[in-house]
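Asks: give me a 3D structure for the following:
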Amino acid sequence: MAVTLTPAAADRVRRFLAERGHGIGLRLGVRKTGCSGFAYVVNYADEQQAEDRVFETQGVRVLVDRDSLTLVDGTEVDFVRHGLNESFRFRNPNVRGECGCGESFSV
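Replies: Numbering: from 1, shown residues only. Purely as a prediction, here's the structure:
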């Protein structure tokens, strides 16, 4: 099981954590929502929880809770810019469908 970051995503996480002045890495999870079933939840992690699985990728820690891990296993997280917009993007091999707006997915 693994979750990885592209160099662009790792750079973004490192820069943001440095600007914040605290934090141990990126927290990735999912929640039930949207028209397709699940949506990604991305936050910066300040501490590790007992049920977290921790992945080290590109020199950055990625923390995933136990319940989300089966849904995001194998995911590569990227950080992209399009004009004035910037966001994390997910390449998740478990996804079987996405809603038209791209905000939610099904497995």
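
Asks: which outside residues touch the longest helix seen in the chain?
Replies: Secondary structure assigned by DSSP state H gives helix 7-20 as the longest helix of the chain. Contact with helix 7-20 is made by 5, 23, 25-26, 44, 57-60, 77-80, 88, as judged by C-beta atoms under 8 Å, 6 or more residues apart in numbering. Where C-beta positions appear, they are placed from N, C-alpha and C, glycine not excepted.

Asks: can you tell me the centre-most residue of this protein?
Replies: A centroid search over the chain (C-alpha atoms, centre = their mean) returns residue 28, at 3.9 Å, as the residue closest to the centre.

Asks: that one sits in which helix or strand?
Replies: Here residue 28 is covered by strand 25-33, with elements defined by DSSP states H and E.

Asks: quick one: strands adjacent to that strand?
Replies: strand 37-45 (antiparallel), strand 60-65 (parallel) (DSSP bridges).

Asks: how big is the angle separating that strand from helix 7-20?
Replies: 110 degrees (axes from the mean of the first three to the mean of the last three C-alpha atoms, to 10 degrees).

Asks: give me the contacts around strand 25-33.
Replies: 3, 5, 13, 17, 38-45, 54, 60-65, 67-68, 71-72, 75, 77, 104.

Asks: follow-up on the earlier one: leaving out sequence neighbours, find the closest residue to the residue nearest to the centre of the chain.
Replies: Nearest non-adjacent residue to residue 28, counting by C-beta to C-beta, 6 or more residues apart in numbering: residue 64, 5.3 Å away.

Asks: wait, what's in contact with that neighbour?
Replies: Contacts of residue 64 by C-beta under 8 Å, 6+ apart are 3, 27-29, 52-55, 72.

Asks: wait, residue 57 touches residue 5, no?
Replies: Yes. Residue 57 lies in contact with residue 5 (C-beta atoms under 8 Å); the separation is 4.8 Å.

Asks: more crowded one of those two?
Replies: Using other C-beta atoms under 10 Å as the criterion, residue 57 and residue 5 rank with residue 5 on top: 28 against 19.

Asks: now the more buried one: how far from residue 75?
Replies: From residue 5 across to residue 75, the span is 10 Å (C-beta to C-beta, to the nearest Å).
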